[in-house]
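Undergrad: Fold the following for me, if possible:
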Amino acid sequence: MAGLKPLKAIPNGAFAYVTKVNTAGLTRRRLLDLGLVPGTRVEVVRRSPMGDPIAVKIRGAIIALRAEESGLVMVRE
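TA: Numbers count the residues shown, from 1 in each chain. As a prediction, the model looks like this:
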């Protein structure tokens, strides 16, 4: 799919829209429960010095996601 990239590839201060969550089972359920559903706007707020985890703003809440998790969420800028 053209124009899609993982959430972990979005730079600090930029925002994107969730298009797909590429996982199943409990991990998928957790990400969806956190608000990462298709169509949701997410903003990358900051990264730790080593780049993992990243802090993202979803529907007014700031949450931390590990690189492994943020790599499963596909977004469109």
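Undergrad: can you give me the strands for the chain?
TA: 4-6, 15-21, 41-47, 54-58, 61-65, 73-76 (DSSP state E).
Undergrad: how about low-confidence regions in the chain?
TA: 1-2 (pLDDT under 70).
Undergrad: could you redo the last one with a cut-off of 90?
TA: The chain contains residues with pLDDT under 90 at 1-3, 48-52, 77.
Undergrad: Any idea how far stretch 59-70 is from the middle of the chain?
TA: Between the centre of stretch 59-70 and the centre of its chain there are 6 Å (CA atoms, centre = their mean, to the nearest Å).
Undergrad: for this protein, longest helix please?
TA: helix 25-33 (DSSP state H).
Undergrad: Could you list the buried residues of that one?
TA: residue 31 (16 or more other CB atoms under 10 Å). To be clear about C-beta, it is placed using only N, CA and C from the backbone, and glycine gets the same treatment.
Undergrad: In JSON lines: the strands of the chain, plus mean neighbour count and distance to residue 27.
TA: Formatted as JSON lines, those follow (neighbours: other CB atoms under 10 Å; distance: least, CB to CB, whole Å):
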{"stretch": "strand 4-6", "mean neighbour count": "14", "distance to residue 27": "14"}
{"stretch": "strand 15-21", "mean neighbour count": "17", "distance to residue 27": "9"}
{"stretch": "strand 41-47", "mean neighbour count": "16", "distance to residue 27": "17"}
{"stretch": "strand 54-58", "mean neighbour count": "18", "distance to residue 27": "16"}
{"stretch": "strand 61-65", "mean neighbour count": "15", "distance to residue 27": "11"}
{"stretch": "strand 73-76", "mean neighbour count": "20", "distance to residue 27": "11"}
